[in-house]
Structure formats: C-alpha cells, structure tokens
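S.K.: need a structure here:
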Amino acid sequence: MAIQRLTGNIPGFRISATGVVLELDASSKVVKKLKLVGTPTKIYKNTAFISGMFNSDLEVSRFEGASIRTVSGIRGQVKKSIREGQPGSFRATFEDKILLSDIVFCRTWVPVEIKKYYNPVTSLLCGNGAEGWRAMKPKAQLHVETETPIEVNPDSIYKPIERKERKFNKLHVPKSIESALPFKSKHKDETKRKKKSYASKRAVVMDAAEKKKYTFLQAVNTIRNEKKAKRKEKNAERRLVKSKEQAKKDEKLDAARRARKRQQHRADGKLAAARERKRLRGS
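M.R.: The predicted structure follows:
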C-alpha cells in the first residue's frame, strides 16, 4: 500500500496505490505504450507496401510477424522488408483490401529505464523523533505552496480528431453484363415521370352499391377504432393499479431484507468479538 503524504498538519491521508507482491526481485521492468504509424504506398489486393513506420531494414526484421491494424479496423501482419522505396519500407498482408488513405499502426511496448536514487534518513534518531524530521516535498505540494502554475506541454493536450467522411462511387454495372443477370439481380430503378400517367389522372366514380359498401366499411372501422381506444385506456388503468400494488410489495420485501441483514451483522459482530476475547485470553 502506497501513501502519498502523511504529515502532522494534514488531518487525513490518501492511499495512492495498492498492489500485491508477486516476487522478491530488486530489478523491475517498466514499459510504456508506443504506437508506430505508417502509410501505404502500393496496394495489391490483400497485400500492401507500407512506409514511414520503421527507419531501417533491421527494425523491420525485428518486427516480422507482428500484428498491425488500420484505422478502419482491418487487421494485418508484417511480412518482409523491401528494397524499393525509402528505408524501412516493408510488405504486409491484410484481411481485406485497404485504401491509400488508410493509416496503418502497430502497437508496441518500449522499456523505460528508471533513475536509481535513494536518500538515507538518519535524523529520525534525534530527540524529537519523527516530529523533528522534515521530509522532501513533492513537486505538486511545492506548486500549491508557492502558487506557481503547472507547466503544460502543448503537444500533450488532446485535440479533436477530424476525419473526412468517405464518399464511395455508386456501383455501375454495364448493360452487357446486366442483360445476362437474372431478373431479381437487375436494377429496378425507374426514371421519374415528367407528366402524370393516365391512371393517376382518371377519376373513380362509384355506383350506388359500391357507395353503400364503402359507407358500411367506414362505420365498421369507426366502431372498431372506438373499442380499441377504450381497451387501451382500461389496460393503462389496470397497469397503474398493478404497479402501485407491486410497489407496496417491494417496500415490504425491502423492509424484511433490511431487518434480516441487521440481524446477520449483529450475529457476525458477536462472533467476531467472541473470537477476539478468546485470542486475547490465549495470548
């Protein structure tokens, strides 16, 4: 358990980190994330030539077989370095054909060397003990006490990512190929009419029998819609009453559950106290 600061003038303390000891080894390896970025120069179906990610053929040979990925989510793998192009160019294979506008990146881990430093404290042996010892202040505490602003690196500030929306061309099938396709695979796009057709312009005149049938259907639909509205209103009232009853049941169950928990905690507390008294008598 790591505590950032524990002094007499601060009433509380804050636990900065917690962990578990895995092994007793003085040498610890610290790594940080590194994202290598490259761009495709040539594309052949699922194979592409990537440049800008590495600086030499030796670096490419070390990363042979590493997994790479494009921004659009297409996964790939580093294969071999190529002689043509700038140094560090390599051949890679992907799951699908990528575009020249894609950005290829490789996630890696880089070891970080920590400066070894220690400051032996011998003043704790003085008469006042720990009260007479003054520890080194961290940088954050000095910033607060001296009221100096924190240094901000402009390159470390997050910036909004702006990506242009891709516009794909429409699929164009030549007429010679479309004529050989089955009917369900052919385009059904009809050109918009400039003039109204005869079917849309002609008027429909009903005779006496048709008018009678139409009037009867309208009356039937009106009665059905009214019944449907009444049924919907009754169901809403029924659901409201049921929700109130369920809320009362839930309240009673919660009260019983809280009472059961209190009894359980009281029993656990008595058992723990009895164990502590037994341990003290044994010691």
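S.K.: so how far is residue 207 from residue 216?
M.R.: 15 Å (CB to CB, to the nearest Å). Glycine gets a C-beta too; all of them are placed from N, C-alpha and C.
S.K.: can you check residue 85 too?
M.R.: 83 Å.
S.K.: which of the two has more neighbours?
M.R.: residue 85 (15 against 7; other CB atoms under 10 Å).
S.K.: Can you classify the more buried one by secondary structure?
M.R.: coil (DSSP: H, G, I helix; E, B strand; the rest coil).
S.K.: Next one: it relative to residue 213, how far apart?
M.R.: Taking CB to CB, one finds residue 85 at 80 Å from residue 213.
S.K.: and what of residue 77?
M.R.: Residue 77 is 72 Å from residue 213, by CB to CB.
S.K.: Those two: which is more packed in?
M.R.: Counted by other CB under 10 Å, residue 77 and residue 213 do not tie: residue 77 has more neighbours, with 13 against 10.
S.K.: Give me the pLDDT value at the more buried one.
M.R.: Note on residue 77: pLDDT of 94.
S.K.: roughly how far apart are it and residue 254?
M.R.: For residue 77, the distance to residue 254 - CB to CB - is 56 Å.
S.K.: What residues sit buried inside the strand or helix carrying residue 59?
M.R.: Per DSSP states H and E: residue 59 is located in helix 57-62. By neighbour count on 16 or more other CB atoms under 10 Å, the buried set for helix 57-62 is 57, 60.
S.K.: same question, stretch 276-283
M.R.: Buried residues in stretch 276-283 (16+ other CB under 10 Å): none.
S.K.: Between the two ends of stretch 62-70, what distance do you get?
M.R.: Stretch 62-70 has an end-to-end distance of 20 Å (CA to CA, to the nearest Å).
S.K.: now it: mean pLDDT?
M.R.: Across stretch 62-70, the average pLDDT comes to 92.
S.K.: And stretch 157-171, by the same measure?
M.R.: The model assigns stretch 157-171 a mean pLDDT of 85.
S.K.: Dump that stretch to PDB, restricted to CA.
M.R.: In PDB, the C-alpha atoms belonging to stretch 157-171 read as follows (Å, rounded to 0.1, in the frame of the first residue of the first chain):
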ATOM      1  CA  ILE A 157      -3.200  18.400 -24.900                       C
ATOM      2  CA  TYR A 158      -5.900  16.300 -26.500                       C
ATOM      3  CA  LYS A 159      -7.100  17.700 -29.800                       C
ATOM      4  CA  PRO A 160     -10.400  16.900 -31.600                       C
ATOM      5  CA  ILE A 161      -9.900  14.300 -34.400                       C
ATOM      6  CA  GLU A 162     -11.300  15.400 -37.700                       C
ATOM      7  CA  ARG A 163     -11.700  12.800 -40.300                       C
ATOM      8  CA  LYS A 164     -13.200  13.400 -43.700                       C
ATOM      9  CA  GLU A 165     -16.300  11.500 -44.500                       C
ATOM     10  CA  ARG A 166     -15.700   8.900 -47.200                       C
ATOM     11  CA  LYS A 167     -17.800   9.100 -50.300                       C
ATOM     12  CA  PHE A 168     -18.000   5.900 -52.400                       C
ATOM     13  CA  ASN A 169     -18.900   5.900 -56.000                       C
ATOM     14  CA  LYS A 170     -22.200   4.200 -57.000                       C
ATOM     15  CA  LEU A 171     -22.000   0.700 -58.300                       C
END
